[in-house]
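Undergrad: okay, structure incoming, though there's no sequence with it:
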């Protein structure tokens with residue numbers, strides 16, 4: 001018996017609410033990791049904004065560091 005056959009056998013025994021949970025679990029784990037990429041892009045965008053701010057307000061950051 002293949003893994004697929006075993007899975008189908010188990011799935012046939014599940015109730016509708018259990019099937020919904022399994023579907024949600026499988027869907028989440030099969031989605032491409034776009035969330036991670038978006039997080040990296042947001043982090044990168046935040047870092048770029050900080051660097052730009054640091055250049056524009058160099059004197060402010062220098063006074064803060066010296067205080």
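TA: That came through fine. Keep in mind the model is a prediction, meaning the values are calculated, not measured. Numbering: from 1, shown residues only.

Undergrad: tell me the helix or strand right after the one helix or strand in the chain whose mean pLDDT sits lowest.
TA: Least confident helix or strand, the chain: helix 34-56 with a mean of 73, by mean pLDDT, DSSP states H and E. Going down the chain from helix 34-56, the next helix or strand is helix 58-66, by DSSP states H and E.

Undergrad: quick one: contacts of that next one?
TA: Residues outside helix 58-66 that contact it (Cβ atoms under 8 Å, 6 or more residues apart in numbering): residue 54. Heads up, the C-betas are built off the backbone N, CA and C, glycines and all.

Undergrad: distance from it to the middle of the chain?
TA: 35 Å (Cα atoms, centre = their mean, to the nearest Å).

Undergrad: buried residues, it. List them.
TA: Within helix 58-66, no residue is scored as buried using 16 or more other Cβ atoms under 10 Å.

Undergrad: so for that helix, what's the average pLDDT?
TA: Regarding helix 58-66, the rounded mean pLDDT is 82.

Undergrad: likewise for stretch 10-19?
TA: For stretch 10-19, the per-residue pLDDT averages 94.

Undergrad: list the contacts of that stretch.
TA: residue 22.

Undergrad: how does it look with 10 Å?
TA: Residues from elsewhere that reach stretch 10-19 (Cβ atoms under 10 Å, 6 or more residues apart in numbering): 20-23.

Undergrad: and this structure, what are its domains?
TA: 1-31, 34-67 (automatic domain parsing).

Undergrad: rewinding a little: between the contacts of stretch 10-19, which has the most around it?
TA: residue 22 (14 neighbours; other Cβ atoms under 10 Å).

Undergrad: SS state for the residue nearest to it when sequence neighbours are not counted?
TA: Residue nearest to residue 22 in three dimensions, not counting chain neighbours: residue 14, with 6.6 Å by Cβ to Cβ, 6 or more residues apart in numbering. Put simply, residue 14 is coil when judged by DSSP: H, G, I helix; E, B strand; the rest coil.

Undergrad: and residue 14, its phi and psi?
TA: Here is the backbone geometry of residue 14 (degrees, to the nearest 10): phi -80, psi 150.

Undergrad: number of nearby residues for it?
TA: Residue 14: 12 neighbours (other Cβ under 10 Å).
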